[in-house]
Each structure stands twice: as C-alpha cells, then as structure tokens.
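# Predicted model follows, preceded by the sequence.
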There are 2 protein chains.
Amino acid sequence: MTNIKEIAQCAGVSVSTVSRVLNDHPYVSPDKRKSVLEAIDRLNYTRNINAIHLSKGKTNLIGIIIPFNNHPYYGAIVNGITKQANAIGCHIVIFQTNYDREKEIQAFNMLQMKQLDGIIVCSRISEMKILLDYQKYGPIILCEDTAQAEFSSISIDHYAAFSCALEYVIAKGYKKIGYSLGRKKSRNSSHRTKAFNDIIRKHKLINNKEWLFEGSYHIKDGEQLFQDWNSMMDKPEALIITNDDTAAGFILTAKKSGTRVPDDVAILGFNNDSLSEMLDITTISLPLEWIGKMAVDLFENPEVVKHVKLDYALIKRSTV
Amino acid sequence: MTNIKEIAQCAGVSVSTVSRVLNDHPYVSPDKRKSVLEAIDRLNYTRNINAIHLSKGKTNLIGIIIPFNNHPYYGAIVNGITKQANAIGCHIVIFQTNYDREKEIQAFNMLQMKQLDGIIVCSRISEMKILLDYQKYGPIILCEDTAQAEFSSISIDHYAAFSCALEYVIAKGYKKIGYSLGRKKSRNSSHRTKAFNDIIRKHKLINNKEWLFEGSYHIKDGEQLFQDWNSMMDKPEALIITNDDTAAGFILTAKKSGTRVPDDVAILGFNNDSLSEMLDITTISLPLEWIGKMAVDLFENPEVVKHVKLDYALIKRSTV
DNA sequence: TCTTGCCCTGAAATGGGTTTCATACTGTAC
DNA sequence: GTACAGTATGAAACCCATTTCAGGGCAAGA
C-alpha cells in the first residue's frame, strides 16, 4: 500500500505539502499541487482513513441505538437520521439491541474508544446513570421526552399526543377505554400512562388495570392483543394502541373473527404508517423522520443542550 | 486521554507488556499483569480503537448496501446479517442507497480506505465492472443469483422460486397471468422474467407485455399497482407480485373498491411476511434471515469463492 | 556440562496520517 | 529603507497501539 511518504518522495515535496493538498489547505503553490496530484494518480494512492481517524480523533461515525430495525417506527427515525447524517458527511452504525443491556453498553464502549463520534439513543433499557457515565466521551442524544440537563433530546410530546388521542375517543362517546404500550417502564410509556390516568380521571371514567396491555410492537403482537382482548369478560369498547403496526394486526385478526371495528371495538393507533392509511385506521401522525433529522442537528451542536419537542396530528379515519 | 505509554510508566513495565496484557497474550508474569491491570484501573484507561484499527489494518466493520431500510425484505436480511456479525464480533454500517450510484461508491470507497473490512451487497445499481475495481480492497459478498467467479454470493434460486409460484397459479387454472417486479434490470428480476417467459411458453399461455409491472417495492406501490391493473381493458386474472408488502397494498386497495381476491384477481406474493400471514396471502417463503447469516459466513472465508443458493417454500393460502 | 526449548521482557520498528512550529520569501504600506 | 502581513514549505512532533526481534533466565534432556 502506498502511503503519503511515497507520494511526497515521488512528487519531490514534503509530507506536509502532500497533506495540505489532500486536505485542500491553502498555501500550496499551483505547481507543487499539480505534481502531488500527479504522484497520487501515478501511484494509485488512497488515504488510510484509520490513520486519519487516529490523528484527528474522530471518525464521522454516529451510532444509533434502536431495539428493532424492522419496525416502521424506528425505521422512519433511522431514515431521518440517515438523511441528515449524510448531509453532514457522517455514516451510521446501527446497534439493534432488542433491549439487551449488553448491546447498549457495546455501543457506549465504542463511543468511549472513539470509534463513534456520538450516539443517538432512540430507545433504551440502560439507566440514566449509565448514560451519565459515558457522557464525557462524546455527545449522546436522546429521542425521548426528558428534561435531563446533561443531554440534548428530541421527542414528541407524548403526554399531549396521547391526551389528544384519548380526548378524541372520549368525544366520540366511548366510555370503556383501554390502551396498549410497548414496555410499561419506558419514558414514552410513562408519559402515555400519566396522560391516560389524568384524562380518565378528569372525565370520571373507569380506569381498569386489566385494560392496560403490554408488549405491543409488531403486527403479530396485534394478533395476540386481539386474543387477549377477545377473551376478556369485561371488554373495553375502545383501544388506543401503541402503534399502527400492532393496530393493524389487531384489526386484521378482528375481521377474521367477525369482530367489527369500530362497532364492537374502536381502534386508534400511532405513527400514521402507510399501513394505517391502507387500512383506514384512525391514528396520531408523528413526525418520525423529523425526529431523526433533529437528532443529528442536536448532535452537531453539542455545546448547547436543548430539549426539542415536535408536533403531532390527529388523523381522523374510520376506526374510531 | 491516558495512553498505553502512561500505563507502562505507571506500572513500571514496557508498552509491549501492557499491550500483551490488553490482548491476553501469554508470557506475562502474574505480578506484572496485576500491576498493569491496576494501573489501567487507576488511570481509568481506555484503548483508542482507531490506533488499533490503524495498527491491525482492520476495523471489524462490515458495510451493507441496501436500497431501502424500512422494507421487510431488506429488513429481514439486515437482521440476519446483524445477528451473525455480532456473533463474530463485527458491527454493521448501513448504506441506504435508494439505488443512487454515488451512495454505493461511497461504501466502496470506505472499503478502499480500510474503514470497512468488507461489504455485503444486498441489491445494487453499480455495474459489475465497478465491483471488480474494488474487489482488491476487501471481500465483497453479493446477495444475488450470480455466477461471477470473483465474488462469493448467496441467493435464492429466483428462477426456481418464481417458476414454482407460476406453476402453482397455472395449476389453479389461471390463464391470463401478469407479474410485477422491483426494477426490471436487476439480477433477481431478470431471473424471474426468464422463468416467467419459459413457463408461459411451455404452457402456451398469453405473454402480454402490458402485464409486466415495475416499481413495486412498498405497500403504497401496491395501491398504485391496483389502479394500474384496474384501469386496464384486458386485465390479467392473476398477478404474481414482487413481495408481500406490495401484494398487501394491492389486496387492501382491491377490497376497498369491491374487487374480490381471488375471484376477480388471484394474488401471489413473495417473502412470507407477518403481513402476508395476517392477510392470508398465498406467497413464496424466502429464508431472508438466512441470506444475511450466510452472507456473513461467506465474508468470513474470503479465500473460497462460493455460490450458495437457499431453498424457498410455497405457502398456500387464500389469495390464489 | 552442553544443548535445546520455553518463558518473560523491553527496545524499536511499524501502521499512516495531521498539525505545529520555524523559516524564508514576497509584496505592500509608511 | 523598514515593517509588517501574507504566502509557501519542510522538519519534527504527535495521535496510539501492535508486533517483531533480540536477549536473558531457567529447566529438562542428552
């Protein structure tokens, strides 16, 4: 492998000059620049980027922590991140964790070892304490609704979004309302739960613990959710479901078993996926790609810790 | 940032010894090992991985070239790759290209500059000529049905899989059969096209050029596909659709407009996604995660160029 | 006793850039 | 004519680990 030294020799200049040409620095005379360029061409030279990384102390690599990759919610965020990262000349290393602590730590270790310039956490299982430990090694951006002073964050106001959903369902006349979450203890979930409890209390409706379902992520979980719902003696008349994928699974299974939506059970989802559009599912549209884009923006300006909240929109369709 | 030199000083040994401890080499006396470990602990040392990369000439990073990330087909392959890559201590850098040549080249350049140890190409737009240029910089694995002697490949026998699908549709009595592809000129597509032409000729059925549709990737494309199909004077009675996502889009749109499946039009998809299961779509199951896994296996053994083909399975359901 | 081989250790070479600093030259302003 | 600013250039320091090589110590076998 030819290196910068050989180029320097071949072009009859010093390595500094070669480096200057390579990095478009000023103060290189046209003729030397030319001979360096020729030498590069002649010797078929490529820079060893690992040496550059070592020297510069950065890699232009951003880590993304997500639980699942094959999921519309995270897929959309990743899309947003990817686009914006490309715009600032960065690449993406995906850490698909399945909520495994080890895997998350792996990502943070790579930050510590300088293989990553920063990390965007789309969803996590590690405690805040862990994140604080690693914070000194580089910017960590959280895609969650937090006020943690040490980290920039970008999120949807899940409390407000869920409230909006619930108020709409209530306004439509439903009294027995249940909802499903991914993991009960995630930040986003806790906001949704709080919203649920507050609004239900405000309207003096039944708050039945049984009507809170967990583990709703994928379309197949929707099938299970339907089974669970269907096997209840006292069924809620409306369900606010974690995401459109699960909602779709629920609705498709419901149809098979002759359950009518929204007559037998009203369904409201989140995300406004293509699938929800196809199935005409009432949903809350979330600006997921924007979350990704903003996360990269926040990564770029690590000096200022900001907490950005993005807007949502109720999409009225046929399932409520 | 403390480095290996400081550790050596602090522990009263040479850097070589520190390196040996760090890398679990034999031939370090227990007491020296202990004092090194203590020094590492005391100074809160972390290795700079970029230096290791430079020194070792590898990064344990595998690049993946995919057109879309938020797509079940590629999502599943990426899942398989991720799992197996983790098993061998590698991480994944995703290049989502949207079939943009530039983006693909970017990935290859990173291989050339040694930021990647290898590349798995799930689908590409660059010509083989380009790949051959970059081949010398590291293993490139193709997830396509090729016999190119220079590259290992892993694929489904798309010719056979498509033939199987088509024979089944024909056996069910359909005579006017159309099909859809992603991009006409991709390798996989060309195998499907060949299979289609061969089988149709064999059975002496109509081969109507109009019944070949293109650009079918996502669920929304299925909606469009239905519009196209529906607006034809002479409609095919059965459609073999690129993938289940598009098939689902077609079927859901069809239902809205009162078109019955399979009575008005039979539908057969590919992949056997969760969605196809939910919608009871007849499909060809493809071992996508296995493609990913095998791709990593092939990457690991770059000395032997192999062309692996995986099996498929017809899943009979209600849409044919 | 001598060889051979294994264990242990450190100096130095190696991987390949970037960047600072010192120096020198040129042109312009006063 | 003197300062000063700007342009050009190379030597050397720096980023940080891995790995080769050489050498010393020690034990077992001849």
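Thanks, I have it. Numbers count the residues shown, from 1 in each chain, chains lettered A, B, ... in the order given.
# need the strands for the stretch 51-200 of chain A, in chain order.
A:61-66, A:91-96, A:118-121, A:140-142, A:152-156, A:177-180 (DSSP state E, counting those that start in this stretch).
# so which of those gets nearest DNA strand D?
Of all the strands of the stretch 51-200 of chain A, it is strand A:61-66 that lies closest to DNA strand D, at 16.7 Å by C-beta to the nearest atom of the strand. Quick note: C-beta positions are derived from backbone N, CA and C, even for glycine.
# And chain B, is that closest one touching that?
Yes. Strand A:61-66 reaches chain B (C-beta under 8 Å from any C-beta of the partner chain) through A:Leu61.
# Pull out the buried residues from that strand.
A:Leu61, A:Ile62, A:Gly63, A:Ile64, A:Ile65, A:Ile66 (16 or more other C-beta atoms under 10 Å in any protein chain shown).
# ok, the fifth one - contacts?
A:Ile65 makes contact with A:Phe95, A:Thr97, A:Glu104, A:Ala107, A:Ile119, A:Ile120, A:Val121, A:Cys122, A:Ser123, A:Arg124, according to C-beta atoms under 8 Å, 6 or more residues apart in numbering or on different chains.
# Generate JSON lines for those residues, with neighbour count, distance to DNA strand C and pLDDT as supplementary columns.
Listed next are these as JSON lines, based on neighbours: other C-beta atoms under 10 Å in any protein chain shown; distance: C-beta to the nearest atom of the strand, whole Å; pLDDT from 0 to 100:
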{"residue": "A:Phe95", "neighbour count": "26", "distance to DNA strand C": "26", "pLDDT": "94"}
{"residue": "A:Thr97", "neighbour count": "23", "distance to DNA strand C": "31", "pLDDT": "93"}
{"residue": "A:Glu104", "neighbour count": "23", "distance to DNA strand C": "29", "pLDDT": "96"}
{"residue": "A:Ala107", "neighbour count": "26", "distance to DNA strand C": "24", "pLDDT": "95"}
{"residue": "A:Ile119", "neighbour count": "25", "distance to DNA strand C": "23", "pLDDT": "97"}
{"residue": "A:Ile120", "neighbour count": "27", "distance to DNA strand C": "25", "pLDDT": "98"}
{"residue": "A:Val121", "neighbour count": "24", "distance to DNA strand C": "29", "pLDDT": "97"}
{"residue": "A:Cys122", "neighbour count": "24", "distance to DNA strand C": "31", "pLDDT": "96"}
{"residue": "A:Ser123", "neighbour count": "22", "distance to DNA strand C": "35", "pLDDT": "94"}
{"residue": "A:Arg124", "neighbour count": "23", "distance to DNA strand C": "33", "pLDDT": "94"}
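# Which one of these is nearest to A:Val265?
Distance to A:Val265 across the contacts of A:Ile65 (C-beta to C-beta) is lowest for A:Ser123, with 27.8 Å.
# Which residue comes closest to the closest one once chain neighbours are left out?
Distances taken as C-beta to C-beta, 6 or more residues apart in numbering or on different chains put A:Pro67 closest to A:Ser123, at 5.3 Å, once the chain neighbours are dropped.
# Over to A:Ile241?
Leaving aside its sequence neighbours, A:Ile241 is closest to A:Ala247 (4.2 Å, by C-beta to C-beta, 6+ apart).
# just so I have it, where are all the helices in chain A?
A:4-11, A:15-22, A:30-43, A:49-56, A:72-87, A:101-112, A:128-134, A:158-171, A:187-202, A:219-230, A:244-256, A:274-278, A:288-300 (DSSP state H).
# A:Ile177: which of those helices is closest?
Proximity to A:Ile177 (C-beta to C-beta) singles out helix A:158-171 among the helices of chain A, at 5.8 Å.
# Would you mind putting the CA coordinates of that closest one into CSV?
The C-alpha trace of helix A:158-171 is given here as CSV (Å, rounded to 0.1, in the frame of the first residue of the first chain):
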residue,chain,number,x,y,z
HIS,A,158,-46.2,12.0,24.2
TYR,A,159,-48.3,13.3,27.0
ALA,A,160,-50.1,15.7,24.8
ALA,A,161,-50.3,13.4,21.8
PHE,A,162,-51.8,10.6,23.9
SER,A,163,-54.2,13.1,25.6
CYS,A,164,-55.3,14.2,22.2
ALA,A,165,-56.0,10.7,21.1
LEU,A,166,-57.9,9.9,24.3
GLU,A,167,-59.9,13.0,24.3
TYR,A,168,-60.9,12.2,20.7
VAL,A,169,-62.0,8.7,21.6
ILE,A,170,-64.0,10.1,24.6
ALA,A,171,-65.6,12.8,22.5
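# mind listing what's buried in that helix?
Across helix A:158-171, burial judged by 16+ other C-beta under 10 Å covers A:His158, A:Tyr159, A:Ala161, A:Phe162, A:Ser163, A:Cys164, A:Ala165, A:Leu166, A:Tyr168, A:Val169, A:Ile170.
# by contact count, what packs against it?
Helices and strands touching helix A:158-171, as assessed by 3 or more C-beta pairs under 8 Å, 6 or more residues apart in numbering or on different chains; DSSP states H and E, comprise strand A:177-180, helix A:187-202, strand A:238-240, strand A:266-271, strand A:282-285, strand A:313-315.
# again, only using 6 Å
In this structure, helix A:158-171 packs against helix A:187-202, with contacts taken as 3 or more C-beta pairs under 6 Å, 6 or more residues apart in numbering or on different chains; DSSP states H and E.
# quick one: buried residues of the helix it packs on?
Buried residues in helix A:187-202, counted by 16+ other C-beta under 10 Å: A:Arg187, A:Asn188, A:Ser189, A:Ser190, A:His191, A:Arg192, A:Thr193, A:Ala195, A:Phe196, A:Ile199, A:Ile200.
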